[in-house]
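Visitor: sharing a model prediction with you, sequence too.
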Amino acid sequence: MNIIFMGTPDFALPTLQRLYESDHRILTVVTQPDRPKGRNRKPVSPPVKQFAIEHGLPVLQPGAITPDLIKTLEDLEPDLIIVVAFGQILKKDLLALPRHFCINLHSSLLPKYRGAAPINWAIINGDKETGVTTMKMDAGLDTGDILLSWKTPIRDEDNAQSLHDTLAREGARLVLETLRRLEKKNLRPVPQNSSLASYAPKMKKEDGLIDWSKSAVEIHNRTRGLEPWPGAYTFFGSKRLRICKTEIAPSSSGDQPGKIARVSDHGIEVGTSDGRIVVTQLQPEGKKRMAAKSFLAGRKINPGDEWVSSETPNPKLERGQEKF
């Protein structure tokens, strides 16, 4: 089939690669414009554009979906438009363009976790499984008829990055299976049950602030679900600490939320409302991430010190103690 591919970030790459290696023909790749990044704010091409250029595929980078773009795509006479994390909502005139329809790959088991951040919220909420879904796109937000879906377990060691990588690979396979069944006329779209729908809003930096009054399980899941972005964090006095990797340990009498209960080379144990969080990897402001043992070298952290959920000086700290 003749396909227009629309996608932008790393998540879209496995699908684009599988399509490129298949018997289908990619008419063009539509992706977001280059964006400035880094200290020098130098424009950087999105991963999908980089792949397309390396493999000789035509590329379009519209800042918006305009009538001129729609006319350009219409002239290509596509059988399908496949959309994977493109970054813009498609309107009806574009959805009506292909001979068949537009297919979207979504990283959840729809109708659960419609929206921008299904991977993050599945981990934060402590789900044991998630998956990928292909759907026939409509004008709503992830509301189209389901074509196919596959389940994927969420492992205890998964964070948002590792689950992202797994679902990107599984999603690529699912898209190709969806096309195979479409060609064989063995694809039956099923309307979503909107009464079972939930929403996964885009993550914000402030979502990473740890509330130590939550349980150890809740804090552990939030840390996993926000890694690598936006990252979980807390404050030690006026200094921000990013919490990169954690474990769960049983609580002990006298534990208090946010108070350090024990310090060892393996990790820093912090009280919560139920259980202890063992911080095994963290990142001080302006530094690289490091193991707890490296962090503790040359830093005075004691049981009874407190990590808090607001940026306020701690008068109990000795002078210079909070300098990381």
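Guide: Thanks, I have it.
Visitor: show the average pLDDT along stretch 132-141.
Guide: What stretch 132-141 shows for mean pLDDT is 96.
Visitor: what sits up against stretch 23-33?
Guide: 1-8, 16, 19-20, 46, 48-49, 52, 57-63, 69, 73, 76, 78, 86-88, 179 (CB atoms under 8 Å, 6 or more residues apart in numbering). C-beta here means a position set from N, CA and C on the backbone, and glycine is covered the same way.
Visitor: compute the first-to-last residue distance for that stretch.
Guide: This stretch, stretch 23-33, spans 28 Å end to end (CA to CA, to the nearest Å).
Visitor: quick check, residue 281 in contact with residue 292.
Guide: Yes. Using CB atoms under 8 Å, residue 281 is in contact with residue 292, at 6.8 Å.
Visitor: more neighbours: which of those two?
Guide: Ranked by neighbour count (other CB atoms under 10 Å), residue 281 and residue 292 place residue 292 first, with 21 against 18.
Visitor: state the pLDDT value of the closest residue to the more buried one other than its chain neighbours.
Guide: Of all residues not flanking residue 292 in the chain, residue 267 sits nearest, at 4.6 Å (CB to CB, 6 or more residues apart in numbering). pLDDT, the model's per-residue confidence, is 97 for residue 267.
Visitor: again, but for residue 312
Guide: Looking at residue 312, the pLDDT reads 58.
Visitor: whichever helix in the chain runs longest packs against which elements?
Guide: The longest helix of the chain (DSSP state H) is helix 160-183. Judged by 3 or more CB pairs under 8 Å, 6 or more residues apart in numbering; DSSP states H and E, helix 160-183 is in contact with helix 13-21, strand 80-84, strand 101-106, helix 118-124, strand 129-136, strand 145-153.
Visitor: ok, which of those comes nearest residue 160?
Guide: Taking CB to CB, helix 118-124 is the member of the helices and strands packed on helix 160-183 nearest to residue 160, at 5.2 Å.
Visitor: what lies in contact with that closest one?
Guide: 106-108, 112-113, 130, 154, 158-160, 163-164, 167, 200, 203, 221-222, 224-226.
Visitor: can I get that helix in PDB? Just the C-alpha atoms.
Guide: Extracted C-alpha coordinates of helix 118-124, given in PDB (Å, rounded to 0.1, in the frame of the first residue of the first chain):
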ATOM      1  CA  PRO A 118      -0.100   7.000  29.000                       C
ATOM      2  CA  ILE A 119       3.200   5.300  29.700                       C
ATOM      3  CA  ASN A 120       4.000   7.600  32.600                       C
ATOM      4  CA  TRP A 121       0.600   7.300  34.200                       C
ATOM      5  CA  ALA A 122       0.400   3.500  33.900                       C
ATOM      6  CA  ILE A 123       3.500   3.200  36.000                       C
ATOM      7  CA  ILE A 124       2.600   6.000  38.500                       C
END
